Each structure stands twice: as C-alpha cells, then as structure tokens.
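Student: Based on what follows, work out the 3D shape:
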Amino acid sequence: MGAESVPSSGNTDEATIATWRDARRAKGEVEIETEAALGHDVSLGVGEEYNYPGRYGVGYSPSRRELYIAVSGPAVEPRVVQGVAKSACLTLRMMADIYKDLPYDEYVVVDNTRPTAPVIVWEDDFRTNTGCITQAIDRSAPDPGPPLIGQPTEQGLAAARIPSVDKREIRVATEAVRQLFVDWNANSRLVDDPRYISDENTSIGFAPHEGVMYLWATKPEWDRNTREEWAEAAAGVACRTVLAESRAGNEWGYAQYAVAVLDGAGGTEFLRWGTADGCAS
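Tutor: Residues are numbered from 1 along each chain as shown. The predicted model follows:
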C-alpha cells in the first residue's frame, strides 16, 4: 500500500456486456505494457496451474476506470475464473506500482468462450483488494451479508497467509509474535523442545475482507493439552493486540482475532477467536 491516495472512479454501477463492447484497445505505453503483462501473467499462471489454453483480450474504459479481460477458448470452470481473477489482480497491482498514473481501479472478467452469449463472471477493485482475495461471485444470489463476528474461516486464514505490504500490519504482527515468543518460551532456548515456537512455525497475518487478525502455529506434534495451553496464551496476545490498535484509531480495520494450529498437511484447527472488547476489561 502506498502513501499516495488514488482518486476513486465514482462509478457505482456494475459493468455490463454493453460497457465491455464499448471498451477500446490499448493506447500509449502504460496501457500497452499493462496489456502485455496481463497476457503473460494470466496465461502463464492459469495455463500451468489448470492446464487451460485460453486467450485473453484486454479492453479499456478510461471514463469508467475499468479494464476488461475477455477469456476465449474452451469453456471455463469456476476455478479457472478465480485463477484468471487472482492473476489479473496481482498483475494490475504490480503495474500500478510501476506506473503511478495508471488511470484504472477495477478489472472485469468476461467469459467470451461462447461469442454469441458472453457473460461477465468477475468484477473487482484491484486497488482496494490488497490481498487479491478471490471468491466465486453469483450475481443472482442474495447478498449473504458479513461473516458472523469472530467466526474464523479457511478463506480468511488463506488471505492472512499472503504476506502483507502494509507497514502498520507488519509492525503489529512483528511486535505481537515477539510477545508471544516471550510469553510461551519464557527464557527457554531449547529449540528442539516440541513446545518451542519460533518464526519457522509461528505467524500472524490479516484478512482484510473479514477484519480478522489470524495467529497460527504449524505444530502437528502437539497433543491436546499443549494445543489448548498454547491457544490460551496466543489468544491473550492477539486480543490485547487488536484492542490496543483499535483504541489507537487511525483506521485500524481489525477488531477480531482467531488462533489456530496447523498440522502441516492442510489441516487446520481453530482453537480460539473473539473480538477486541473481549479483553477490554
């Protein structure tokens, strides 16, 4: 995240097939380089991960501050759409760092695998979606609303595992994990002790779309008693951390926390979660 503010498009209406058809081809160095980067990164990422031989056309709508990525080729599965969206978001954030005057905020993915019936399958703001989180969108489905307060999710943990570039988040995570090391390890330097935690197995990250700070340890060898004891210590540190930052103000977006132990093979056990006011007293 940069310190410079980016002007909003002021565009509140969703993209449509009509606005996609009105988009023009690239003009100028910034747009031409952006189109080349998108074509390379999306085809490489989606092609290698999903073996999808798609073609990607890019259109521009400066007045709407939107880029359109039209996917042509075999029929696309939802996971391919998500792969295209994530690759596009990451690439556009990179290009926005390179070209500070990139005059776009949103990107729209169009499924053009059936040219007679194209459909918009993704629309997002790559500037505000700092973690490039991708979740399937069904525009015909009712809005499920925000997640339940304090309820951790696998998607949130996945977002938290993406390294942050926000200076405040980095500082908070560093200070909190160091405090946890002190509380849990005390003065121990027995790195081979199964109870010992370090940067190699303990992390803190943030899920912006949930407003949750996640703290987790990858310790498959821990028994039930050790897990519960560690979770109690970790929850105390996490709760005090989000409380202190919430009280500090300055648009801190995380009033919730979640603590988990990972087994290293994809398994996750959420052990504690709550909100900052839970330790306010």
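Student: quick check, Thr91 in a helix?
Tutor: Yes - the assignment for Thr91, made by DSSP: H, G, I helix; E, B strand; the rest coil, places it in a helix.
Student: list the contacts for the nearest residue in space to it that is not next to it in sequence?
Tutor: What sits nearest to Thr91 in space, not counting adjacent residues and going by Cβ to Cβ, 6 or more residues apart in numbering, is Asp41, at 4.4 Å. Yep, even glycine has a C-beta here, placed from its N, CA and C like the rest. Asp41 makes contact with Ser87, Ala88, Leu90, Thr91, according to Cβ atoms under 8 Å, 6 or more residues apart in numbering.
Student: Which secondary structure state does the first one sit in?
Tutor: Spelled out, that is Ser87. helix.
Student: Mind giving me the packing neighbours of the biggest helix by length in the chain?
Tutor: Here the longest helix in the chain is taken by residue count, with DSSP state H as the criterion, and it is helix 224-248. Based on contacts counted as 3 or more Cβ pairs under 8 Å, 6 or more residues apart in numbering; DSSP states H and E, the elements that helix 224-248 packs against are helix 167-185, strand 212-218, strand 256-262, strand 268-275.
Student: any idea how far the residue nearest to Thr91 is from Cys89?
Tutor: Using Cβ to Cβ, to the nearest Å, we find Asp41 at a distance of 10 Å from Cys89.
Student: burial count for the closest residue to Pro53 other than its chain neighbours?
Tutor: Nearest residue to Pro53 in three dimensions, chain neighbours excluded: Gly73, at 5.9 Å (Cβ to Cβ, 6+ apart). When counting by other Cβ atoms under 10 Å, one arrives at 13 neighbours for Gly73.
Student: So for this protein, which residue is the most central one in space?
Tutor: Computing the C-alpha centroid of the chain and ranking residues by Cα atoms, centre = their mean puts Gly131 first, at 2.8 Å.
Student: State the distance from Gly205 to Arg189.
Tutor: Gly205 sits at a distance of 26 Å from Arg189 (criterion: Cβ to Cβ).
Student: which of these two has more neighbours?
Tutor: Regarding Gly205 and Arg189, a neighbour count based on other Cβ under 10 Å identifies Gly205 as having more, with 21 against 7.
Student: Give me the nearest residue to the more buried one, chain neighbours excluded.
Tutor: Distances taken as Cβ to Cβ, 6+ apart put Ala160 closest to Gly205, at 3.1 Å, once the chain neighbours are dropped.
Student: try Ala96
Tutor: For Ala96, ignoring the flanking residues on the chain, the nearest one in space by Cβ to Cβ, 6+ apart is Leu102 at 4.9 Å.
Student: tell me the SS of the residue nearest to the centre of the chain?
Tutor: Reducing the assignment to helix, strand or coil with three-state DSSP, the entry for Gly131 is coil.
Student: if I pick it, what's in contact with it?
Tutor: If you count contacts by Cβ under 8 Å, 6+ apart, Gly131 has them with Ala159, Ile162, Ala207, Pro208, His209.
Student: on that earlier part again, look up phi and psi at the residue nearest to Thr91.
Tutor: Listed backbone geometry of Asp41 is phi -70, psi -40, with angles given as degrees, to the nearest 10.
Student: For it, give its distance to Arg189.
Tutor: Distance of Asp41 to Arg189, given as Cβ to Cβ: 44 Å.
Student: same thing with Cys279?
Tutor: 30 Å.
Student: what stretches of this structure score poorly on pLDDT?
Tutor: Scanning the chain for pLDDT under 70 picks out 1-12, 45, 47-50, 134-150, 187-188, 249-250, 264, 266, 280-281.
Student: Domains in it, by residue range?
Tutor: What automatic domain parsing lists as the domains of the chain is 17-125, 154-279.
Student: on that earlier part again, which of the contacts of Gly131 ranks first by neighbour count?
Tutor: That'd be Ala207 among those, by other Cβ under 10 Å, with 26 neighbours.
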